[in-house]
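Visitor: Sequence and computational prediction follow.
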Amino acid sequence: MVGSGAGGPRSLPREEFPAFFEALRAEGYSIVGPTVRDGAIVYDRLEGVDDLPIGWTDRQEAGRYRLERRGDRALFGYSVGPFTWKKFLFPARERLFTISRDGPSFSVAPEPTDPTRFALLGMRACELAGLDVTDRVFQGGPVVDPGYSARRSRILRVAVQCGQAGGTCFCVSMGTGPGVRDGADLVLTEILEPGPHRFLFEARTGAGTSVLARLKTAVAPVADERTAGEIVARTASSMGRALETEGVRDLLRETLSHPRWDDVARRCLSCTNCTMVCPTCFCSTQEEVPDLTGATVERWRRWDSCFNLGFTELHGTAVRKSGLSRYRQWLTHKLGTWHDQFGTSGCIGCGRCITWCPVGIDLTAEIAALRVPPVSVTKEAPR
Amino acid sequence: MLADPSPSGASGDPEPPPLAPIPYVVRSVTTETPDTVTLTIRPSATRRIATPRPGQFNMLYAFGVGESAISVSRASLEGELVHTVRRVGKVTNALSAVTPGDTVGVRGPYGRGWPIAEARGGDVVVIAGGLGLPPLRPAIYAILSQRESFGRVEVIYGARSPKDLVYYDEIQTWRRRTDVRFQTTVDAAGRDWYGDVGVVTTRLPDARFDPPKTTAFVCGPEIMMTLSAKALADRGVPRDRIWVSMERNMKCAVGLCGHCQFGPSFVCRDGPVLRFSALEPFLSVKEV
């Protein structure tokens, strides 16, 4: 771990937080972070502190998400919303290259790289773990995704430790939070009380130190470090969900014919919501988009989902026709075969798939149900 | 804009996007069956893909239409490639409609092919069903080119009907060889067919090989591969020496798009040729 350079944690009063935005801009970053839109806290470009969800929080349950007013003016007093940082590194739609007719042949023009450097403000501990997962997917080889890699090299990861757990959160089970361990350039903890509203800043990399050096911060009192620890501990003790991860990889390999899959298939709508809100789902498809003359074709990549019927189309018919097989593929991949492929779980315990499932399917409950051996139906002899 | 005239990696130009197709010119088109053609193509400039190994595949591209994963059925050191394509969708329809002089795109080669070196010193059984023969053809040639490295070599090729047999002339040449036994069978035939009738597994009892020292390469429809692999295992061929070539929907072919997953495998990257011992638990479950 790289020290903060300035020698340990620093403290910044809430009133000085606009200066943090200025420092990020001065370092050349465009700031993206949480903001309220359409009844949810989403991640988008931020102009200033006023764009943050000041005084808002989210209440989440399976299939339910509501914004509510807090009794205070917290800037980061929510858990996670429907958006993920993934969209800034792996956009939902991306032009890969352009192909033009060239006499009888064709030529390929690469897509110019976007030089924007994003500061991702408000990354949660689980989301940093999600970034590590997508790094393995897109940069683990043998072929590195050039677009992801280029954008990834230009981000600044500004983490904010969670001051509260959402109703569908289970990062403690997945070992990904709520305290930020590594993977961030800057780690912030918002302290609302006791004392004045303030932030504890910790630089973890050279890039983080450079930003911090532009701010007029004070050495953080030892008591603030202790308070930050208490905030994280309180969040950890109020997780909305828990997932038993012990042996889950083997469990999923051995229960492919478990009757629970029929049960969940009766509820699942194959709507793809869980895959769209997941910070690690990476499936995509490619589309050829010709211009009107047919002389030039753009190759686009867009998010796809293993819940789509056409996802496994082979010789005009889908391999996974049933909703059962598609839900099973998603869950066995996320929590099981992901380990075989990338050396980690594909789940980071953020709970988005539970919250944003229109019928409230809860993967923690599905795993618990799969742990119960199926009851073999035998007819009892009449008494 | 002109195509980059220098071999890949040798110029100061920025590296082309990894998923960009390279133009190849169609040299010949051979009709194999009513819905299948064989394309022979060669690089239109100096840029070309690396020489594929037996069992690998390429992504073939039809301008303005899209890409399809097609196994390599022959590759020359001069860069010429042979692909056999069946019309089943939009892309393969466009690829089947080309004529000599047309340009198609190629990227590859992808995946892990037949582990021919591992088969050395023992007997080899090759079982092909329908369009399973094209990806096995380079393996058959590789084995025949170093024939003395192997024990007995048995090839069983089956198709739905006589008109569905591909590489017909080549099969006649192979059948005349005395150092390889080549059996052909069809599921159903009319009176003009003098050969065997029945699915490929019905020819297996006639095949001569020493099961514990045999390596098997199997390619064809999934159900045919499963039944063939089970029949081989029943004869005593070790399950981890039975290799099958899987087929799944592919968009990227490099493990990034997620489409081709089969259990823990990315068929594009870990396969398409995989050990039956690793696949069996998943082949026995519907719609994995």
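Guide: Yes, it's here.

Visitor: Show me what from the stretch 1-150 of chain B comes close to chain A.
Guide: Residues of the stretch 1-150 of chain B lying near chain A by C-beta under 8 Å from any C-beta of the partner chain: B:1-4, B:14, B:16-21, B:23, B:25, B:44-45, B:63-67, B:88-89, B:101-103, B:105. Yep, even glycine has a C-beta here, placed from its N, CA and C like the rest.

Visitor: Which members of those residues are classed as buried?
Guide: Among the residues of the stretch 1-150 of chain B next to chain A, those classed as buried by 16 or more other C-beta atoms under 10 Å in any protein chain shown are B:3-4, B:16-17, B:19-21, B:23, B:25, B:44-45, B:63-67, B:88-89, B:102-103, B:105.

Visitor: Go through these and flag which are in strands.
Guide: With strands defined by DSSP state E, the entries of these inside them are B:23, B:25, B:66-67, B:103, B:105.

Visitor: just the helices in chain A please.
Guide: Along chain A, the stretches classed as helices by DSSP state H are A:17-26, A:86-89, A:125-139, A:146-152, A:171-174, A:206-213, A:222-236, A:248-254, A:260-267, A:273-277, A:323-332, A:338-342, A:352-355, A:363-370.

Visitor: Can you classify residue B:169 by secondary structure?
Guide: Using DSSP: H, G, I helix; E, B strand; the rest coil, the three-state assignment for residue B:169 comes out as helix.

Visitor: re earlier: pull the most distant pair out of the ones in strands among the buried ones among the residues of the stretch 1-150 of chain B next to chain A.
Guide: Set against one another by C-beta to C-beta, these have their most distant pair in B:25 and B:66, with a gap of 19.7 Å.

Visitor: residue nearest the centroid of chain A?
Guide: Residue closest to the mean C-alpha point of chain A, counted by C-alpha atoms, centre = their mean, is residue A:279 at 3.0 Å.

Visitor: ok, for that one, nearest residue in space, not its chain neighbours?
Guide: Leaving aside its sequence neighbours, residue A:279 sits nearest to residue A:130 (C-beta to C-beta, 6 or more residues apart in numbering or on different chains; 3.5 Å).

Visitor: quick one: that neighbour from chain B, how far?
Guide: As defined by C-beta to the nearest C-beta, to the nearest Å, residue A:130 lies at a distance of 16 Å from chain B.

Visitor: Please verify my assumption that that residue contacts residue A:282.
Guide: No. Look at residue A:130 against residue A:282 with C-beta atoms under 8 Å: they stay out of range, at 10.8 Å.

Visitor: Give me the more crowded residue out of these two.
Guide: Using other C-beta atoms under 10 Å in any protein chain shown as the criterion, residue A:130 and residue A:282 rank with residue A:130 on top: 25 against 21.

Visitor: ok, longest strand in chain A?
Guide: Determined from DSSP E, the single longest strand within chain A is strand A:93-102.

Visitor: Need the residues that contact stretch A:92-103.
Guide: The set of residues external to stretch A:92-103 that reach it, using C-beta atoms under 8 Å, 6 or more residues apart in numbering or on different chains, is A:106-111, A:147, A:286, A:294-303, B:1-3, B:17, B:19-21, B:63, B:105.

Visitor: try it again with 7 Å
Guide: The set of residues external to stretch A:92-103 that reach it, using C-beta atoms under 7 Å, 6 or more residues apart in numbering or on different chains, is A:106-111, A:147, A:295-303, B:1-3, B:17, B:19-20, B:63.

Visitor: same question for that stretch, mean pLDDT?
Guide: Computed over stretch A:92-103, the mean pLDDT rounds to 96.

Visitor: Check which residues of it are buried.
Guide: With burial defined by 16+ other C-beta under 10 Å, the residues of stretch A:92-103 counted as buried are A:94, A:96-99, A:101-102.

Visitor: from the middle of its chain, how far away would it be?
Guide: In terms of C-alpha atoms, centre = their mean, to the nearest Å, the centre of stretch A:92-103 is set 29 Å apart from its chain centre.

Visitor: Kindly report the same for stretch A:145-159.
Guide: Distance, centroid of stretch A:145-159 to centroid of chain: 14 Å (C-alpha atoms, centre = their mean).

Visitor: who's in contact with that stretch?
Guide: The contact list for stretch A:145-159 (C-beta under 7 Å, 6+ apart) reads A:29, A:88-90, A:94, A:113, A:117-123, A:125, A:128, A:135, A:138-139, A:180, A:183-188, A:207, B:17-18, B:256.

Visitor: Put the buried members of those residues into a PyMOL selection.
Guide: The PyMOL command for the buried members of the contacts of stretch A:145-159 (criterion: 16+ other C-beta under 10 Å) is given here:
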select buried, (chain A and resi 29+88+89+90+94+117+118+119+120+121+122+123+125+128+135+138+180+183+184+185+186+187+188+207) or (chain B and resi 17+256)
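
Visitor: Tell me where chain B has helices.
Guide: Along chain B, counting by DSSP H, helices occupy B:90-96, B:116-119, B:133-145, B:168-176, B:222-235, B:276-283.

Visitor: Those: lowest mean pLDDT?
Guide: For these, the stretch scoring lowest in mean pLDDT is helix B:168-176; its value is a mean of 93.

Visitor: could you check the angle helix B:133-145 makes with that helix?
Guide: Calculated by axes from the mean of the first three to the mean of the last three C-alpha atoms, to 10 degrees, helix B:168-176 forms an angle of 40 degrees with helix B:133-145.

Visitor: Against which helices or strands is helix B:168-176 packed?
Guide: When contacts are defined as 3 or more C-beta pairs under 7 Å, 6 or more residues apart in numbering or on different chains; DSSP states H and E, helix B:168-176 sits against strand B:181-186.

Visitor: Mind splitting chain B into its structural domains?
Guide: Structurally, chain B divides into domains by automatic domain parsing as follows: B:22-110, B:116-283.

Visitor: what do you get for chain A?
Guide: Structural domains of chain A, as assigned by automatic domain parsing, span the residue ranges A:10-236, A:248-370.

Visitor: Show me which residues of the stretch 51-200 of chain A sit near chain B.
Guide: A:96-97, A:99-100, A:102, A:104-110, A:138, A:143, A:145-146 (C-beta under 7 Å from any C-beta of the partner chain).
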